[in-house]
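Novice: Sequence plus the predicted model coming up.
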Amino acid sequence: MSIMIKSAIFIPSKNRADKQSTFEILKSVGLDNITNIVVEPQDYEEYKKLGYPVIKLPENDKGISYSRNFILDYCRKNGIEYCIQMDDDIQAFYRKEGEISGKKMKKDNFAILEAIEIFENTNTYMGLEYQQFAWASGDKLFTENRGIEVIHFMYLPNIPENIRFDKNTKEDKDFCIQALLSGIKTVKINYIAMSVPSIGTNKGGLHEWYASKGDNLSAVMMLKKWGSRIIKLKKKDNGRIDAMIQWGEIQKIISEKKAGKRK
């Protein structure tokens, strides 16, 4: 596949200098030259010593939303229109094997190149499906107006600067809600997928935050921010409280607003 990369990839990372699985995958497919790892000042020298291309945040311990917003600001300041943010613990990329409508997902790290090509040809706010769910999409190549997690393909000229990652919420879900209500369509690729460790099981990163039930508070804050029409709380078997987004209701709200303007 011939692809001319216009994107820049950023990996926010914390206390994982010795296990950069996402970066190593990107390096294996020739994308390390457009990738930077964004780290806190307290981790900078350790990552640098191991030879990683790193960008230093201004402050320590400000959270993932702080890092994500820094990346947005960095891109806008430096004229980067195609911004891709990836979590640092991606284990592999996959694509559907054989017929697109088939259920078998085959590991293929080079599939990320096709995903980037789609992104750069459509200028969308885009993401990938999880490997364990992608098989269920049948022949549906893309899903629109749902949540984007782990990998954010962001064409910044289409994303208003007032849409920010909120530190008090489940930041990726919250960002998608803001985007949709602002008229920005989200697109998720179903036939190219990714795998990551189960939430809260990987040391470093947000591990301590999950261990201290910080995500439970974030779920409650999502309900407080968006209300019960958009957010439903669900307690998982492991004790986690998740904020379930009612994506269909968001589309109804958008339609209601459009109908109101026409009156």
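Specialist: Structure's in. What do you need? Quick caveat: nothing in here was measured; it's all calculated off a predicted structure.

Novice: residue ranges of the strands in this protein, please?
Specialist: For the chain, the strands defined by DSSP state E occupy 8-12, 35-39, 54-56, 82-86, 92-96, 105-107, 125-130, 142-144, 151-155, 186-195, 231-235, 241-245.

Novice: now the ones you listed as TSV including distance to I254, mean neighbour count and mean pLDDT?
Specialist: From N, CA and C alone the C-beta is placed, and that goes for glycine too. Compiled in TSV, the strands of the chain are given as follows (distance: least, Cβ to Cβ, whole Å; neighbours: other Cβ atoms under 10 Å; pLDDT from 0 to 100):
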stretch	distance to I254	mean neighbour count	mean pLDDT
strand 8-12	29	23	98
strand 35-39	33	22	98
strand 54-56	36	18	98
strand 82-86	25	23	98
strand 92-96	31	22	94
strand 105-107	32	16	91
strand 125-130	15	22	97
strand 142-144	12	14	95
strand 151-155	20	24	98
strand 186-195	12	22	96
strand 231-235	16	15	94
strand 241-245	14	18	93
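
Novice: Distance to K252 for those - can I get that in a markdown table?
Specialist: Formatted as a markdown table, these follow (distance: least, Cβ to Cβ, whole Å):
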| stretch | distance to K252 |
| --- | --- |
| strand 8-12 | 33 |
| strand 35-39 | 37 |
| strand 54-56 | 40 |
| strand 82-86 | 29 |
| strand 92-96 | 31 |
| strand 105-107 | 33 |
| strand 125-130 | 20 |
| strand 142-144 | 15 |
| strand 151-155 | 25 |
| strand 186-195 | 16 |
| strand 231-235 | 15 |
| strand 241-245 | 13 |
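
Novice: Select, out of those strands, the one closest to E114.
Specialist: Comparison of the strands of the chain against E114 by Cβ to Cβ identifies strand 186-195 as nearest, at 6.3 Å.

Novice: ok, now which ones touch A219?
Specialist: Each residue near A219 by Cβ atoms under 8 Å, 6 or more residues apart in numbering is listed here: 170, 233, 241-243.

Novice: And these, which is closest to A136?
Specialist: Here the nearest of the contacts of A219 to A136, counting by Cβ to Cβ, is D242; it sits at 19.2 Å.

Novice: Which residue, other than its chain neighbours, is closest to D88?
Specialist: Using Cβ to Cβ, 6 or more residues apart in numbering and skipping the chain neighbours, the partner closest in space to D88 is S13 (4.1 Å).

Novice: Please report the distance of the one you found from K27.
Specialist: Counting by Cβ to Cβ, to the nearest Å, the gap from S13 to K27 is 15 Å.

Novice: Can you pick out the residue with more neighbours from those two?
Specialist: A count of neighbours by other Cβ atoms under 10 Å puts S13 above the other of S13 and K27, at 26 against 14.

Novice: Does that one touch Y47 like I think?
Specialist: Yes: contact criterion Cβ atoms under 8 Å: S13 and Y47 qualify, at 7.4 Å.

Novice: Tell me the residues that contact both of these two, please.
Specialist: Applying Cβ under 8 Å, 6+ apart, one finds that S13 and Y47 are jointly contacted by 37, 39.

Novice: that older thread, out of the contacts of A219, which comes closest to I5?
Specialist: So of the contacts of A219, ranked by how close each gets to I5 (Cβ to Cβ), first place is K170, at 30.2 Å.

Novice: How many residues are close by that closest one?
Specialist: When neighbours are counted by other Cβ under 10 Å, K170 registers 21.

Novice: how far away is it from G239?
Specialist: As for K170, its distance to G239 is 16 Å (criterion: Cβ to Cβ).

Novice: Let's see the pLDDT reported for the residue nearest to D88.
Specialist: Looking at S13, its pLDDT reads 97.

Novice: What of M1?
Specialist: On the pLDDT scale, M1 is placed at 39.

Novice: T22 too?
Specialist: So T22 comes in at 98 (pLDDT).
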